[in-house]
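Chemist: the following block contains a protein sequence and its predicted model.
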Amino acid sequence: MEYVEFMTNEEGDDLIVSFALSWGDPGEVRSLILQRTPKYEFLFDESERGVRFSDEAYWDEEDWLHSIELGRAIVRLETQFHKYELDVSGVDRREWKQAKRILKKMNFDRCYDLRFS
């Protein structure tokens, strides 16, 4: 399980949920980013629609979100290539609430499996 230090979220033309994980030396973080651009997605090929996933450890990889399970303190993410279990117990509750709202918006067409536990 990886510990989430903090999160950042954006709602605009892009919908973004970003997890900053403890990584390496104390104070260093690694980003896991979920991003979708519904406003322009109709311009993309069908295979390029959905929630893009990037992990700072694998920047050269194009990956897509397949499922996410949101618990009170644990998040389980599954992408095309990876699985993650994240501890969000230390995340600001307002930030976490906003992330859940954005994740619901990202799934307007049910492009991934969204579960709450």
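Modeler: Received it, and whenever you're ready, just let me know what you need.

Chemist: do a quick rundown of the helices in the chain.
Modeler: Defined through DSSP state H, the helices belonging to the chain, from first to last, are 93-106.

Chemist: identify, by residue count, the longest strand of it.
Modeler: Ranked by number of residues, the top strand in the chain under DSSP state E is strand 2-11.

Chemist: can you pull the contacts of Leu86?
Modeler: Taking CB atoms under 8 Å, 6 or more residues apart in numbering as the criterion, Leu86 is in contact with 1-4, 19, 21, 32, 74-77. Yep, even glycine has a C-beta here, placed from its N, CA and C like the rest.

Chemist: nope, Leu70 is what I was after
Modeler: Under the criterion of CB under 8 Å, 6+ apart, the neighbours of Leu70 are 100, 103, 114-117.

Chemist: now, which of the residues you listed sits nearest Glu69?
Modeler: For the contacts of Leu70, the minimum distance to Glu69 (CB to CB) is 4.4 Å, reached by Arg115.

Chemist: was I right about that closest one contacting His66?
Modeler: No: because the distance of 11.9 Å does not satisfy CB atoms under 8 Å, Arg115 is recorded as not touching His66.
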